[in-house]
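J.: A structural model of the following input is requested.
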Amino acid sequence: MSDQSKKYALNGSQRLAAEILATNDVHKMTLAQIAQEAGVSDRTLYRWKQDPDFIAYQNEVAELTMKDFLAEAYNNLKDIVRASGSEKNRLKAIELVLKNQGRLTEVQKIEAKVEDSRSNDAIEAEIDNLKKLLAEM
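T.: Numbers count the residues shown, from 1 in each chain. Model prediction:
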């Protein structure tokens, strides 16, 4: 893990359990199996899951895993653009890439109608008054 992960007061078993929990979409292990893998009881694992250091380390591992997953997602999008037999799928993949890079945005037309019942003379008088106030500052 990163240098930051060294700041957590966790032993090797706690780190292992946190890493498995953070990537459990791959492992698909029950909490009992994770506890067994870490060499602790279920109760100990449940207690660790309440520990702020354990939670922070697990979240750090999850963040790193997601960064790796992002690269995988981009590769899959590139594969779809290059090799998909469906033009609709290719266009959707291109749209996702462009939106993610901020190069494709939704265009919205906004119209505002401002109504002012004052006459031009009244507006000119207000401008003159504001100029006088600014000059006094």
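J.: quick one: the helices in the protein?
T.: 12-22, 24-27, 31-38, 42-48, 52-83, 87-100, 120-136 (DSSP state H).
J.: Would you mind finding the most buried of the ones you listed?
T.: helix 12-22 (a mean of 20; mean count of other Cβ atoms under 10 Å). Glycine gets a C-beta too; all of them are placed from N, C-alpha and C.
J.: and it, what other elements does it pack with?
T.: helix 31-38, helix 42-48, helix 52-83 (3 or more Cβ pairs under 8 Å, 6 or more residues apart in numbering; DSSP states H and E).
J.: Reformat these as a markdown table; add mean pLDDT.
T.: Below are the helices and strands packed on helix 12-22 laid out as a markdown table (pLDDT from 0 to 100):
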| stretch | mean pLDDT |
| --- | --- |
| helix 31-38 | 96 |
| helix 42-48 | 96 |
| helix 52-83 | 90 |
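J.: before we move on, the earlier item: next, format the helices of the chain as CSV and append distance to residue 110.
T.: Formatted as CSV, these follow (distance: least, Cβ to Cβ, whole Å):
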stretch, distance to residue 110
helix 12-22, 44
helix 24-27, 42
helix 31-38, 52
helix 42-48, 52
helix 52-83, 32
helix 87-100, 20
helix 120-136, 25
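J.: Out of those, flag the one nearest residue 109.
T.: Residue 109 lies closest to helix 87-100 among the helices of the chain, at 19.4 Å (Cβ to Cβ).
J.: Send me the closest one as CSV with only the CA atoms.
T.: The C-alpha coordinates for helix 87-100 follow below in CSV (Å, rounded to 0.1, in the frame of the first residue of the first chain):
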residue,chain,number,x,y,z
GLU,A,87,-22.9,1.0,-34.0
LYS,A,88,-25.2,2.0,-31.2
ASN,A,89,-22.8,0.5,-28.6
ARG,A,90,-19.8,2.2,-30.3
LEU,A,91,-21.5,5.6,-30.3
LYS,A,92,-22.6,5.2,-26.6
ALA,A,93,-19.0,4.3,-25.6
ILE,A,94,-17.6,7.3,-27.5
GLU,A,95,-20.2,9.6,-25.8
LEU,A,96,-19.2,8.3,-22.4
VAL,A,97,-15.5,8.9,-23.1
LEU,A,98,-16.1,12.4,-24.4
LYS,A,99,-18.4,13.3,-21.5
ASN,A,100,-15.8,12.0,-19.0
